[in-house]
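Chemist: Got a sequence here, can you model it:
(one chain, ligands or ions: 1)
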Amino acid sequence: MALQDIKDFPLVVVGSGFFGATIAHKVANELDLPVLVIERRKHIGGNSHSKVDQETGIEYHPYGSHLFHTSNEQVWQFVSAFTSFNNYRHRVFTRYRGQTYTMPINLMTINRFFNVDLTPETGRAFIAQQAAVETCDAPRNLEEKAISSIGRPLYEAFVKGYTAKQWQIDPALLPPEIIGRLPVRFGFNDFYFSDLHEGLPLIGYAGLFDSMLTHPRIKIMTDCDFRDVRDRFDKHSTRRRPGTRRRVTCGHLRAVVREFVEHYHAERNHQGLRNVIPFPSPDSALTVGRIGRRERLGGVLSFYERNAA
Ligand SMILES: Cc1cc2nc3c(=O)[nH]c(=O)nc-3n(C[C@H](O)[C@H](O)[C@H](O)COP(=O)(O)OP(=O)(O)OC[C@H]3O[C@@H](n4cnc5c(N)ncnc54)[C@H](O)[C@@H]3O)c2cc1C
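Modeler: Numbers count the residues shown, from 1 in each chain. This next block holds a predicted model:
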């Protein structure tokens, strides 16, 4: 599309991830207005983009696996209009000192770990006892919050190493609110996500984004950074809203988050259910390649660097 044409669009959406694609789709379909979607990558779909590997025919997600999950009925109805979903439910298993456990922590994890046979009611009382051993009225970080919520033994076994590996940071440096990402369930539900709806699009994310953005009123410009063309827009008629919260990162993590490695695992069944343990053992030593974080300007700026092994 000729750049001089872009002023003809009453709405320009920067980015073609779920946020941009939804806005563009709705404006074209419901308001019948022309929309221009500008995308700096060579493809649409943002971080949820998928590709089919030429060698194996397997669909994969180059920016990290994306599982669609929501409890919002409106969101589910909206997205289901473009594709059906398979019934994949994410389950995570972890190993600690030679035993396999379900994650997040549920009654099965607790019973196996303490070698007890608790019910939902007795389980709650049991965890309250564990938590009462080391209480903390105003926890300052994830570690203090976790210990005062579930007790030190469960924290040491399932939260400390797991969090350090997933976030690449000591839990004592994370804010206490993060605990919400690690629920404790007093039942035997072993789904990783608690949402009502979950699955992978049967036509792939690439197909899903194609369906969302295929409309005579929608024009897409890929491989185009908005910052390079913004002068061509009337400042007063253009609105720009980021879909994801921005944070400032410098140092090593900037490279890490941009580093996407494609690799093959011929020896493991990645698509099997319940037969692989996807995470390394949380109790294994965190040594080589661990990334440390230092805060600057009271936490506004995070400086990441790879620590010495
Ligand atoms: C490794 C990983 C795994 C994840 N797994 C899940 C998951 O399993 N389930 C889940 O629900 N969520 C997951 N997420 C979160 C999910 O990716 C985001 O919530 C979602 O992508 C947000 O959509 P978005 O449209 O706001 O942003 P994005 O998908 O990031 O899309 C923004 C787009 O804007 C483009 N853009 C930015 N600036 C410009 C510019 N100046 N000019 C032109 N284009 C620009 C970018 O290239 C990008 O394509 C995961 C995220 C990551 C990183």
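Chemist: From here on, just use CA atoms for contacts and neighbour counts.
Modeler: OK.
Chemist: Okay, now stretch 179-193: how far is its last residue from its first?
Modeler: End-to-end distance for stretch 179-193, by Cα to Cα, to the nearest Å: 14 Å.
Chemist: ugh, typo on my part, it should be stretch 90-105
Modeler: 14 Å.
Chemist: Can you give the distance from that stretch to the centre of its chain?
Modeler: 19 Å (Cα atoms, centre = their mean, to the nearest Å).
Chemist: For it, buried residues please.
Modeler: The neighbour-count check on stretch 90-105 (16 or more other Cα atoms under 10 Å) flags 91-96, 101-105 as buried.
Chemist: likewise stretch 9-21?
Modeler: Using 16+ other Cα under 10 Å as the test for burial, stretch 9-21 gives 9, 11-21.
Chemist: what sits against Pro34?
Modeler: Residues near Pro34 by Cα atoms under 8 Å, 6 or more residues apart in numbering: 9-11, 27-28, 217-219.
Chemist: Of these, which belong to strands?
Modeler: 11, 218-219 (DSSP state E).
Chemist: gap between Asn87 and Asn72?
Modeler: As judged by Cα to Cα, Asn87 and Asn72 stand 17 Å apart.
Chemist: for the stretch 101-250 of the chain, what spans make up the helices?
Modeler: With DSSP state H, counting those that start in this stretch as the criterion, the stretch 101-250 of the chain has helices at 107-114, 120-132, 142-150, 152-154, 161-167, 204-213, 226-229.
Chemist: residues in this protein within reach of the ligand, list them.
Modeler: Within the chain, the positions near the ligand by Cα under 6 Å from any ligand atom are 14-20, 38-41, 45-48, 63-69, 224-227, 243-244.
Chemist: Low-confidence bits of the stretch 1-150 of the chain, can you list those?
Modeler: 1-4 (pLDDT under 70).
Chemist: Try it again at 80.
Modeler: Along the stretch 1-150 of the chain, the model assigns pLDDT under 80 to residues 1-7.
Chemist: just the stretch 151-300 of the chain next, same as before
Modeler: If you take pLDDT under 80 as the line, the stretch 151-300 of the chain has these spans: 165-169, 178-182, 232-300.
Chemist: Could you rerun that using 50?
Modeler: Where the stretch 151-300 of the chain drops to pLDDT under 50, the residues are 236-238, 242-257, 271-280, 284-288.
Chemist: Quick one: the strands in it, in order.
Modeler: Ranges of strands in the stretch 151-300 of the chain, per DSSP state E, counting those that start in this stretch, are 197-199, 218-221, 248-251, 291-296.
Chemist: Now Ser71. Its backbone dihedrals?
Modeler: Per-residue torsions, Ser71: phi -110, psi 0 (degrees, to the nearest 10).
Chemist: ok now do it, which residues does it touch?
Modeler: 195-197.
Chemist: with these in mind, which one is nearest to Arg124?
Modeler: Distance to Arg124, by Cα to Cα, is smallest for Asp195 among the contacts of Ser71, at 22.2 Å.
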